[in-house]
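Visitor: Got a predicted model here, sequence first, then my questions.
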Amino acid sequence: MASEGADLAGEARLVDTMLPRAARVLDAGCGQGRVGAELAARGHWVTGVDADAQLIGAARADFPGPRWIVADLTDFDLSNHGDPGPFDGAVMAGNVMLFVAEGTQPEVLRRVAAHLRPGGFAAIGFAVGRGYELPDLDQHAAAAGLVPEHRFATWDLRPWRSGAPFSVTVLRR
């Protein structure tokens, strides 16, 4: 994708602009670690979490700097893994909210919020119209103690408009 001109660092660039230098970042649903690795390369302390042990293995092999942890987003507690917490920010890129088990989204947001410091943020991007909708996200975020701060149509900050196929929402604890 990069050889075809795709921007593979857009999510990390956006999150980086919102963080102080050397911030602690949670990459929730990190997959193979692409976003977390880019944030680590920008000087942040990254912990990536994913339920797929194979993907975490790939992240560890390709990007040895950050911490990569196998855990389910519905019940993870990083203090059980020796992580000091809390995080300055969290990123959920790559349609994470569409890939978690149906009906678990409220608990996933509660777990992510529980790992954020007061005033910390979560940046969540996913394709709209695929079963988990923005009113659901807004309701579940509010129940988790997260307040909407921004909504964009892309990771490169194009303005949100009704009917946009993708959404990036920034929520603040």
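Guide: Arrived safely. Numbering: from 1, shown residues only.

Visitor: switch to C-alpha atoms for all contacts and neighbour counts from now on
Guide: OK.

Visitor: where in this protein is pLDDT low?
Guide: 1-8 (pLDDT under 70).

Visitor: where along it do the helices fall?
Guide: Ranges of helices within the chain are 10-17, 34-41, 53-62, 96-99, 105-114, 134-143, based on DSSP state H.

Visitor: And the contacts of the last one?
Guide: Judged by CA atoms under 8 Å, 6 or more residues apart in numbering, the contacts made with helix 134-143 from elsewhere in the structure are 105-106, 109-110, 128, 147-148, 171.

Visitor: how far out from the middle of the chain is that helix?
Guide: Centroid separation for helix 134-143 versus its chain: 16 Å, with CA atoms, centre = their mean, to the nearest Å.

Visitor: Just the angle for that helix relative to helix 105-114, thanks.
Guide: 50 degrees (axes from the mean of the first three to the mean of the last three CA atoms, to 10 degrees).

Visitor: Run through the residues that contact the nearest residue to W45 once chain neighbours are set aside.
Guide: Closest residue to W45 apart from its sequence neighbours, by CA to CA, 6 or more residues apart in numbering: R24 at 4.7 Å. For R24, the contact set (CA under 8 Å, 6+ apart) comprises 44-47, 86-89.

Visitor: and the gap between R24 and G103?
Guide: From R24 across to G103, the span is 29 Å (CA to CA, to the nearest Å).

Visitor: Mind naming the longest strand for the chain?
Guide: Longest strand of the chain, by residue count under DSSP state E: strand 116-127.

Visitor: what's next to that strand, contact-wise?
Guide: Applying CA under 8 Å, 6+ apart, the contact partners of strand 116-127 are 15, 85-98, 112-113, 155, 165-173.

Visitor: Go ahead and confirm V168 touches P159.
Guide: No: judged on CA atoms under 8 Å, V168 makes no contact with P159 at a distance of 10.0 Å.
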